[in-house]
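1. Provided below for reference: sequence and predicted model.
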Protein chains: 2
Amino acid sequence: MTAYNNFEEHIARINDLCCVINLLNWDSRTQMPPGGTVTRPFQLGTLSDTAQNLFVSDQTIQLINAAKTEMDAAGVHPDTCQYRSVLQAEEAYNLSRRVPSKVVSELARLKPVAESVWVQARKDNDFKSFAPYLETIVELCRNTAESIGYSDHPYDALLLRYEPGMTSAKLKQLFADLKQGIVPIMEKAARSQQVTPEFLKRQYPVEKQAEFAMSIAQQFGYDLSRGRLDVTTHPFEISFTRQDVRISTRYDAHYLPMALFGILHESGHALYEQGVDPRLTRTVHTTDLLDLYATGGASYAVHESQSRLWENMIARSRPFWKHHFPQLQAVFPTQLGDTDAEGFYRSVNRIHPSLIRVEADEVTYNFHIMMRVEIEMGLISGEIKVRELPDIWNAKMQEYLGITPPNDSLGVLQDIHWSGGQIGTFANYTIGNMMGAQYFQAAHAQVPGLAASLARGEYAPLLNWLTENIYRHGRAYSPGELLLNATGQELSAAPFIAYLNNKYGELYP
Amino acid sequence: MTAYNNFEEHIARINDLCCVINLLNWDSRTQMPPGGTVTRPFQLGTLSDTAQNLFVSDQTIQLINAAKTEMDAAGVHPDTCQYRSVLQAEEAYNLSRRVPSKVVSELARLKPVAESVWVQARKDNDFKSFAPYLETIVELCRNTAESIGYSDHPYDALLLRYEPGMTSAKLKQLFADLKQGIVPIMEKAARSQQVTPEFLKRQYPVEKQAEFAMSIAQQFGYDLSRGRLDVTTHPFEISFTRQDVRISTRYDAHYLPMALFGILHESGHALYEQGVDPRLTRTVHTTDLLDLYATGGASYAVHESQSRLWENMIARSRPFWKHHFPQLQAVFPTQLGDTDAEGFYRSVNRIHPSLIRVEADEVTYNFHIMMRVEIEMGLISGEIKVRELPDIWNAKMQEYLGITPPNDSLGVLQDIHWSGGQIGTFANYTIGNMMGAQYFQAAHAQVPGLAASLARGEYAPLLNWLTENIYRHGRAYSPGELLLNATGQELSAAPFIAYLNNKYGELYP
């Protein structure tokens, strides 16, 4: 099929450019000497423009149409992988074309400036200096939403970019369900003593932290012949095709859980990327054609479901530490000589309201998300003004978590997302928690003896099920299709609530 | 000037792509996990095609013509930097257009295959398996030469790409002069004892090797806020604008000179790239528009002149070791406890014919080059057939160096250049030696007290002169113009011969 092959080759080149954009970002964060900050933005800008121009071009739609005509003539069924590829590219193309290039380039130009203003504002606890930039960003996002179009709420148009199939209405319902389920857990936990045990804060040499965490990551299935670990301020996972999937972490030599669970979190992302079917390499199904970066994940939320499944549902579980604690203790015999598997398990599963999202436990974390999503909806609809944000933020912190930030740096200024022009991505973290629990429940139902094998530290049965049902498909299915095919259910808060109740009901009765 | 600015912006984007190509290559050699080899070639291919298509496009010549029209109308003098930029881009454009894209893409496709066949052939000492690939490469290079055109020898057309202004006829004369000058040095040295002293082969921890060599590199002026050092099999320097200039090396824990002089050699390249005038960043003058990679060096030979000047004329000099040997001895007190500055100086300046070019001393090295250039000329003219190469190689080794390789792996198969499609680049190493000596001689004549400051380990006066006369100009002047402007002389073998006579006449009287 000549036309289809031409279409595939065109997308493959866009994927190459996206992989290179990822590499430029990886290098900036891990290897680049400081001087590079002067000229790296030009290189990134040119690559982004090139990828953007190549995708949002008449050539793309001509190749799409030619491939469709050819497949129709040959009687190719619309459900085949090939036909779906073309339709998905067409959908992304139409969506991209709807956003005026002026808005795209204005946002792209603003992003590095706004990010550096935000860095300084957070340092200086000075929301006012950041506010004008955020106002422009909100305005541009609102324009984007209007250009894309929506039937109910303008926020739906932004969700579409990051979490296809999700809407404000669905999200409100899911969040209401979840809130109802987790408030009692939080209340019970509040009655218990929630102090960080001293043994977690002892001296933990970082090389040994890395060695242990990476040995677990490899037992999970992270293939280091196609991966590597580096050190960065903000941990992340990034891939340049399934053949090269890198993670990073940050260490605290006096607090063990940070890098340990950080590495296992990013390894979860990496397992997803490495598990994509090799045949999907350099296709629509490993390319985010809207944001123009290379990824084999179906959406932000599906990706997050996997990092959280491996980090929380596996690595923060009692069976995990029953099996692995002796190994950890062997690496840190003096530091962990006065505790045991149960003590360690409990120490890394404390629930307590806190100011900073990225440091929150797996229960209260979701409140951090809910309040951000409410704020984003208000900003996009115009009901909330940027200048009101610090007050609204603090009021919502009090409402959801019962605490008020002492300043904006520990409050409304804590996250990078908005300064980067990302409005509409926070929801994915909590959707990911819900999806993760739903997948984990389905895996237990479908894989005989799964709990027993996990208790023995055997992760292949779980990895195989996840690969078969999620990883290998890349972006070939929407998050909703993927979930329904694997679990037989639509997205629901129930499995996540059940998981939390089961775990924390016992820890905090 | 609108048209000129459009031209500059167009070239700036090509430079961005070239910098990214360099980064992809750097990452492949230093950081990439093995799995990446499967998909990295696609990424490199797409970037190369993109840069190539952007440069050899109608848009480029339209922008060039518009800029010229605009400058002519405004009465801009053809000698200004701006006018010269446009003319140089036009020259590169016309040269690129002459080579059929079929030849370019065939060579690009063949290169990775031929390189891996060469790696295996060298390992297996099996020239025959590599020969068919080399035949195709020679054929493609001959086509390139015919397409570019020449008046005397087809090799001239290839030299044009790498060393503008150089011809076969000039090269023959320079090499004949040089040969006459250095044969007597080699003959005298052959009468002396030339054994590697045992103290160079002691245990030298690699971290300490790196630490010392990098401390010297920084004293030379290598700015690590715009640079870094990594470990690779084949050492190199590479830049992504003057803001980010990286080097690599390889270590032998039981042979001190390899990494020590290797790092200082690559640092010489790095000083050149870092010294480019910031105003030339992302312009014609920091972009090799023919080979499409980013570099601020006027040519391969000018670049090599600087790596060799810093490595050989500085770091292998007696004043250098008089000053720095106590520092080296302090780093390696047991290993170097039984020698002194003079002993060390002599130990790193032994002359003896050897099989491998990259391990040769600064005298015999030039014979390795001369024979390669003679062979390349014969291959391109058709007087030498690929199948005859092993015999011809061995005969020339005997003729020039009085030794015969025991096998092809240590003979005709030793260098990567031909497998990568590079025919016409070997000459630059010896031209670089000659230029380096000529520049060094001029610096001494023009900078009062230079020898004295070098003897005190003060490198700023030399670096400043080199920056003023060479580095800051990037590619704005041809190698010949640069040399004439700085030294008042055309290229000649005499200064290099004088330098060698002066140094080795004393060491081997």
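-> Thanks, I have it.
2. residue most distant from the centroid, chain A?
-> A:A73 (40.4 Å; Cα atoms, centre = their mean).
3. what's the first helix or strand after the lengthiest helix in chain A?
-> Ranked by number of residues, the top helix in chain A under DSSP state H is helix A:2-30. Using DSSP states H and E, the helix or strand that follows helix A:2-30 in sequence is helix A:40-55.
4. quick check: residues of chain A near chain B?
-> Listed as neighbours of chain B in chain A under the rule Cβ under 8 Å from any Cβ of the partner chain: A:12-13, A:16-17, A:19-20, A:23-24, A:27, A:31-40, A:42-43, A:45-47, A:49-50, A:223-228, A:240-241, A:243-244, A:246, A:281-282. For glycine as for every other residue, the C-beta is placed from the backbone atoms N, C-alpha and C.
5. need the buried ones from the residues you listed selected in PyMOL.
-> The following PyMOL line selects those of those that are buried, judged by 16 or more other Cβ atoms under 10 Å in any protein chain shown:
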select buried, chain A and resi 12+13+16+17+19+20+23+24+27+31+32+33+35+36+39+40+42+43+45+46+47+49+50+223+226+227+228+240+241+243+244+246+281+282
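6. all helices of the stretch 51-200 of chain A, in order?
-> For the stretch 51-200 of chain A, the helices defined by DSSP state H, counting those that start in this stretch cover A:58-73, A:81-98, A:101-124, A:127-148, A:154-162, A:168-190.
7. got the angle between the longest helix of chain A and helix A:58-73?
-> Angle, helix A:2-30 to helix A:58-73, by axes from the mean of the first three to the mean of the last three Cα atoms, to 10 degrees: 140 degrees.
8. roughly how far is helix A:2-30 from the heart of the chain?
-> Offset of helix A:2-30 from its chain centre (Cα atoms, centre = their mean, to the nearest Å): 21 Å.
9. ok so, going back, give me the pLDDT value at the residue farthest from the centre of chain A.
-> Listed pLDDT for A:A73 reads 96.
10. what do you get for the one 5 residues further on?
-> Model confidence at A:P78, given as pLDDT, is 93.
11. residues contacting it?
-> Neighbouring residues of A:P78 by Cβ atoms under 8 Å, 6 or more residues apart in numbering or on different chains: A:84, A:87.
12. ok, it to chain B distance?
-> 29 Å (Cβ to the nearest Cβ, to the nearest Å).
13. among the helices of the stretch 51-200 of chain A, show me which one is buried the most.
-> helix A:154-162 (a mean of 23; mean count of other Cβ atoms under 10 Å in any protein chain shown).
14. now do that helix against helix A:81-98, angle only.
-> Using the same axes, to 10 degrees: helix A:154-162 against helix A:81-98 is 140 degrees.
15. contacts for helix A:154-162?
-> So helix A:154-162 is contacted by A:95, A:141-142, A:144-146, A:148-150, A:166-168, A:171, A:290-291, A:299-300, A:376-377, A:380-381, A:423-425, A:427-428 (Cβ under 8 Å, 6+ apart).
16. now it: how far from the chain's centre is it?
-> 16 Å.
17. now stretch A:427-447
-> The answer for stretch A:427-447 is 14 Å, by Cα atoms, centre = their mean.
18. cool, stretch A:413-433 as well?
-> 9 Å.
19. can you get me the start-to-end distance on it?
-> 24 Å (Cα to Cα, to the nearest Å).
20. ok, and for it, which residues are buried?
-> In stretch A:413-433, counting by 16+ other Cβ under 10 Å, buried: A:413-415, A:418-433.
21. apart from its neighbours in sequence, what residue is nearest the residue in the stretch 101-250 of chain A positioned nearest to chain B?
-> Proximity of the stretch 101-250 of chain A to chain B (Cβ to the nearest Cβ) peaks at A:R226, 3.3 Å away. Spatial nearest neighbour of A:R226, chain neighbours left out: B:G35 (3.3 Å); criterion: Cβ to Cβ, 6 or more residues apart in numbering or on different chains.
22. right, and that neighbour touches A:S225 too?
-> Yes: taking Cβ atoms under 8 Å as the definition, B:G35 is a contact partner of A:S225 at 5.3 Å.
23. okay, now A:R279: neighbour count?
-> 11 (other Cβ atoms under 10 Å in any protein chain shown).
24. residue contacts, A:G36?
-> Per Cβ under 8 Å, 6+ apart, neighbours of A:G36: A:28, B:226, B:240-241, B:243-244.
25. tell me the confidence at A:M1?
-> 76.
26. gap between it and A:L158?
-> 36 Å (Cβ to Cβ, to the nearest Å).
27. and the closest residue to chain B within the stretch 401-509 of chain A, what pLDDT?
-> Taking Cβ to the nearest Cβ, chain B has its nearest neighbour within the stretch 401-509 of chain A at A:G474, 14.2 Å off. Note for A:G474: predicted pLDDT of 97.
28. that one: how many residues sit nearby?
-> Neighbours around A:G474, by other Cβ under 10 Å: 25.
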